[in-house]
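*Asks:* Fold the following for me, if possible:
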Amino acid sequence: MNYYYPYRQDWSSVVQYLNYSLNGEQMVCSMTSQLFHIPETENLEGNAEMHNHLVPASYHRVTALGCANRLQSGEDHESIIKTLIACVQNGLKEDEEITKWLTVMKENAPNNYKGFMDSVIGWQQQTEQSLAIVQQLLGQMGLDMEVENELY
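*Replies:* Sure, this is the predicted structure:
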């Protein structure tokens, strides 16, 4: 089992990739929310269900980035690290459901919105990949990736 040693680590790569992930999340949120305001897509199958996972995924990314920024600023409490790890893991779990529902949305989208949905899916892939890189970076830092409780 790895233990956290309270020495200063460089968290800049973690912060960078969390920012990439959050940027992609902003695009997914913006684009899929926009569909609620277009008559042809306002009731697009899968959009409401996808948002049931997008909202907590966004929360987890924002919280993880806040933790990483605090760690980069010199705070070093173990609970910050556990929160960061839990949020990364929970974000990735929510991402699986988001991707599933985005596929449903694309299948049910009017033909003139298929390209739009491909763009959303591309943003989601970048979002997930960036968060997966964060998970790898945390493991490479020697942190214990086992977290006992899940956050909302």
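*Asks:* show me the biggest helix of this protein in terms of residues.
*Replies:* helix 78-108 (DSSP state H).
*Asks:* Which residues belonging to it are considered buried?
*Replies:* 80-92, 94-95, 97-99, 101-102, 105-106 (16 or more other Cβ atoms under 10 Å). From N, CA and C alone the C-beta is placed, and that goes for glycine too.
*Asks:* what's the angle between the helix or strand that comes right after that helix and helix 78-108?
*Replies:* Counting by DSSP states H and E, the element after helix 78-108 in chain order, helix or strand, is helix 114-140. For helix 114-140 against helix 78-108, the angle by axes from the mean of the first three to the mean of the last three Cα atoms, to 10 degrees is 160 degrees.
*Asks:* so how far is helix 114-140 off the chain centroid?
*Replies:* 8 Å (Cα atoms, centre = their mean, to the nearest Å).
*Asks:* Which strands or helices does it pack on?
*Replies:* helix 12-34, helix 78-108 (3 or more Cβ pairs under 8 Å, 6 or more residues apart in numbering; DSSP states H and E).
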